[in-house]
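1. I need the structure of the sequence given here:
(one chain, ligands or ions: 1)
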Amino acid sequence: MCGIVGYIGSRQAAEICLSGLRRLEYRGYDSAGVAVIRDGQLQVRKVVGKLANLTAALRESPLPGTTGIGHTRWATHGKPSVTNSHPHLSCDGRIAVVHNGIIENYGELRNQLEAEGHQFRSVTDTEVMPHLVEKYYQGDLREAVRRAILDLEGAFAFGVICADEPEQLIAARRFSPLVVGIGEGENYIASDMGAIRPETDQVYVIGDDELALITPDDIELTDLELNPIDRQVFTIPWPPEAAQKSGHKYFMHKEIHEQAEAMHACLAGRLSNPDEPIILEGLGMSEQDIRNLQKVVFTACGTAFHAGMVGQFIMESLAQVPAQVDLAAEFQVKDPVVLDNTLAVIISQSGETADSLLALRDLKGKGARIASVLNVVDSSIARESDGVVYIQAGPEIGVASTKAYTLQVLTLELLALHFAEVRQSAPPEQIRALKAALLAVPDQVAELLRREPEVKQVAARYYEMDDALYLGRGINLPSAMEGALKLKEISYIHAEGYSAGEMKHGPIALVDPELFTVAIAVNGQVYEKMTGNIQEIKAREGPVIGVANDGDEVIAQQCNDVLWVPSCPELISPITVAIPLQLLAYHMADMRGEDIDQPRNLAKTVTVE
Ligand code: M6R
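-> Model prediction:
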């Protein structure tokens with residue numbers, strides 16, 4: 001986590017860093033800082049809390065200068081404080097470093113450096129870096145950074161400047177994301193492309209153990225032996241305004257409302273007609289590869305894991321391949337058996353989630369073929385995958401994932417149907433009907449978004465309650481878990497997503513008039529069972545919000561309130577069900593006055609294990 005930016009050119013570096021940090025704030029907002037070189041000296045401003053505090057500090061006391069680096073922090077080592085904030089400085093205050101990642105051997109390095117006389121100010125892992133660079137510095141900043149990196153274990157993306165070489169900005173990466181933006185007479189670094197998109201659409205994506213020596217007019221990329229790297233320029237495929245709120249109060253709200261259009265983009269070129277086969281470019285699998293599959297393993301974190309649960313369900317149901325779904329973080333603590341002809345599907349919005357990347361490497365090392373379902377183009381996971389299917393959601397900035405989730409599910413539906421077509425594992429009329437239903441989904445989602453005022457009215461009746469239970473079953477168990485995750489992460493209402501079938505094995509003990517239940521009871525094989533569960537909750541005086549298909553009188557009578565969704569095949573229903581649950585969470589959090597795009601303790605991209 002954490003976001004880094006840097007600028008070198010002829011404009012005011014602090015302003016450009018601040019504007020880039022605003023677009024990176026989703027990565028962490030415990031503290032922030034900038035360092036700028038002016039008249040051969042480094043000057044630093046650091047504050048605790050959100051970027052607004054840094055903006056105010058810089059307004060009060062500006063930092064002029066045309067070479068600078070900036071940082072927004074999600075604390076790992078050391079509590080949020082000015083001292084622990086980045087940029088960190090060398091003893092003589094002439095070298096400044098911003099860092100995203102974790103230096104694992106920092107304890108040992110710190111002991112050595114302290115024994116050599118270096119004085120530390122913070123308790124962070126990062127601070128070893130400016131002291132190491134200082135130790136190796138002999139008039140060549142890149143060489144000092146290179147030697148320092150050779151001592152490091154762990155993950156990093158660095159920006160380094162030195163008051164003695166004001167016309168240089170050095171960047172380096174191992175494991176944590178980093179791009180170098182290309183300008184005219186000016187250049188940039190950032191943790192992601194979105195941060196510098198208003199400045200340029202031309203970037204180099206930096207790879208592991210690569211260094212960049214950046215001046216206003218040149219960018220030199222090398223490996224750690226200083227061999228030149230000939231990297232292709234990547235053109236950022238979306239316009240600068242994609243990262244603006246465009247009149248919405250929060251990015252989350254904007255992103256919820258972008259879903260119908262994004263679904264059209266996701267389907268385009270892949271499924272246009274129920275009578276034509278699905279085309280998934282980028283997957284990189286021949287029909288024979290698909291027929292040979294013995295197993296599909298889905299792995300991901302958080303919201304993407306919930307999408308993976310849907311993926312597992314439909315893969316078995318339609319493609320008739322044994323499928324499993326695992327939390328990426330759990331992969332590292334077990335030793336999974338990988339069969340021949342196993343496909344691992346890594347699902348990630350950012351493509352940078354550390355646990356997902358490590359799971360990928362584990363599975364690849366054991367011989368699995370890797371197909372990833374990603375949003376951000378050219379991410380670390382993309383580069384290490386054998387094939388990538390992009391969900392085409394456009395930038396997602398709100399920490400709470402919304403459009404990425406529904407687009408991940410839509411993409412996984414396409415994947416399962418594609419496999420089913422090739423393997424001839426489902427009746428052609430079922431495949432045709434599901435394809436027709438998928439083509440109708442964007443319009444159904446648009447209709448659901450028009451129903452926002454009704455969801456808001458329901459939210460108004462429950463937002464002051466402190467506990468919630470989300471129940472679903474079968475393919476909508478992940479919908480219940482995702483609905484609960486959305487609510488808890490932005491509103492801080494305690495919410496649990498549970499299998500309705502498990503309710504009698506424990507959670508029903510919680511039911512009373514002070515806990516509300518959201519019960520997903522759309523048409524399908526679990527409908528009758530869900531209505532039974534709703535009765536059991538009502539018998540214990542628990543208020544219930546049903547999620548049901550339009551016109552369902554049974555649910556209308558049973559539940560206190562209903563969130564209505566248009567009818568569609570059950571296998572596709574997680575997409576439509578997600579929309580009112582996202583809106584419910586959003587409006588409850590908004591009514592409670594929470595900062596929806598920046599929930600406490602969270603960061604959008606979790607680049608640490
Ligand atoms: O970028 P990723 O999809 O790999 O992120 C995985 C999770 O960190 C993410 O889905 C998280 O759970 C969401 N922000 C929750 O809304």
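
2. Determine whether any part of the helix or strand harbouring Lys364 lies close to the ligand.
-> According to DSSP states H and E, Lys364 maps onto helix 354-365. Yes. Helix 354-365 lies within reach of the ligand by C-beta under 6 Å from any ligand atom, at Ser356. Where C-beta positions appear, they are placed from N, C-alpha and C, glycine not excepted.

3. For that helix, enumerate the helices and strands it packs against.
-> Helices and strands touching helix 354-365, by 3 or more C-beta pairs under 8 Å, 6 or more residues apart in numbering; DSSP states H and E, are strand 295-300, helix 328-331, strand 342-348, strand 369-374, helix 380-384.

4. Show me the contact partners of it.
-> 155, 175, 297, 299-301, 304, 326-329, 331-332, 336, 338, 342, 344, 346-348, 370, 372, 380-381, 384-385, 606-609 (C-beta atoms under 8 Å, 6 or more residues apart in numbering).

5. Go ahead and build a ChimeraX selection from the buried members of these.
-> Burial among those is assessed by 16 or more other C-beta atoms under 10 Å; the matching ChimeraX selection reads:
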select :155,175,297,299,300,301,304,326,328,329,331,336,338,342,344,346,347,348,370,372,380,381,384,385,606,607,608
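
6. what subset of the contacts of helix 354-365 is also close to the ligand?
-> Contacts with the ligand within the contacts of helix 354-365, counted by C-beta under 6 Å from any ligand atom: Cys301, Ala304, Ser348, Val606.

7. Check those and tell me the two furthest apart.
-> Ala304 and Val606 (10.9 Å; C-beta to C-beta).

8. which residues are common contacts for those two?
-> Contacts common to Ala304 and Val606, judged by C-beta under 8 Å, 6+ apart, are Thr353.

9. Which residue does the stretch 501-609 of the chain have closest to the ligand?
-> Closest contact between the stretch 501-609 of the chain and the ligand, by C-beta to the nearest ligand atom, is at Val606 (4.8 Å).

10. nearest residue to that residue other than its sequence neighbours?
-> Thr353 (5.4 Å; C-beta to C-beta, 6 or more residues apart in numbering).

11. Likewise for Met591?
-> Tyr463 (4.2 Å).

12. same thing with Leu271?
-> Leaving aside its sequence neighbours, Leu271 is closest to Ile278 (5.2 Å, by C-beta to C-beta, 6+ apart).

13. Give me the pLDDT value at the spatially closest residue to Glu609 that is not a sequence neighbour.
-> Distances taken as C-beta to C-beta, 6+ apart put Ala354 closest to Glu609, at 5.1 Å, once the chain neighbours are dropped. Ala354 is assigned a pLDDT of 91 by the prediction.

14. Check the gap between Ala354 and Ala329 for me.
-> Separation of Ala354 from Ala329 (C-beta to C-beta, to the nearest Å): 9 Å.

15. Kindly report the same for Gln12.
-> 42 Å.

16. what do you get for Asp39?
-> Distance from Asp39 to Ala329, by C-beta to C-beta: 48 Å.

17. and Asp230, how many neighbours?
-> 5 (other C-beta atoms under 10 Å).

18. burial measure for the residue in the stretch 351-500 of the chain that the ligand sits nearest to, as a count.
-> Nearest to the ligand in the stretch 351-500 of the chain, going by C-beta to the nearest ligand atom, is Thr353, at a distance of 3.3 Å. By other C-beta under 10 Å, 28 other residues sit near Thr353.

19. Check the one 10 residues further on too.
-> Residues within reach of Leu363, counting by other C-beta under 10 Å, total 24.

20. Which pLDDT value belongs to it?
-> Leu363 is given a pLDDT of 96.

21. now do the one 10 residues further on
-> On the pLDDT scale, Val373 is placed at 98.

22. hey, what's it bridged with?
-> Taking DSSP bridges as the rule, Val373 bridges to Ile347, Val389.

23. ok, now which ones touch whichever residue of the chain sits closest to the ligand?
-> Residue nearest to the ligand within the chain: Gly302 (1.9 Å; C-beta to the nearest ligand atom). Taking C-beta under 8 Å, 6+ apart, we find Gly302 in contact with Ser401, Leu485.

24. roughly how far apart are it and Leu54?
-> Gly302 sits 28 Å away from Leu54, taking C-beta to C-beta as the criterion.

25. can you check Arg473 too?
-> Arg473 is 47 Å from Leu54, by C-beta to C-beta.

26. again with Glu241
-> According to C-beta to C-beta, Glu241 and Leu54 sit 24 Å apart.

27. Of these two, give the one with the bigger neighbour count.
-> It is Leu54, of Glu241 and Leu54, that has more neighbours when counted by other C-beta under 10 Å, with 27 against 10.

28. Packing partners of whichever helix or strand that one is part of?
-> Applying DSSP H and E as the criterion places Leu54 in helix 51-60. Applying 3+ C-beta pairs under 8 Å, 6+ apart, one finds that helix 51-60 makes contact with helix 13-24, strand 31-38, strand 41-48.

29. part of a strand, is Gly139?
-> No. Assigned with DSSP: H, G, I helix; E, B strand; the rest coil, Gly139 falls outside any strand and is coil.
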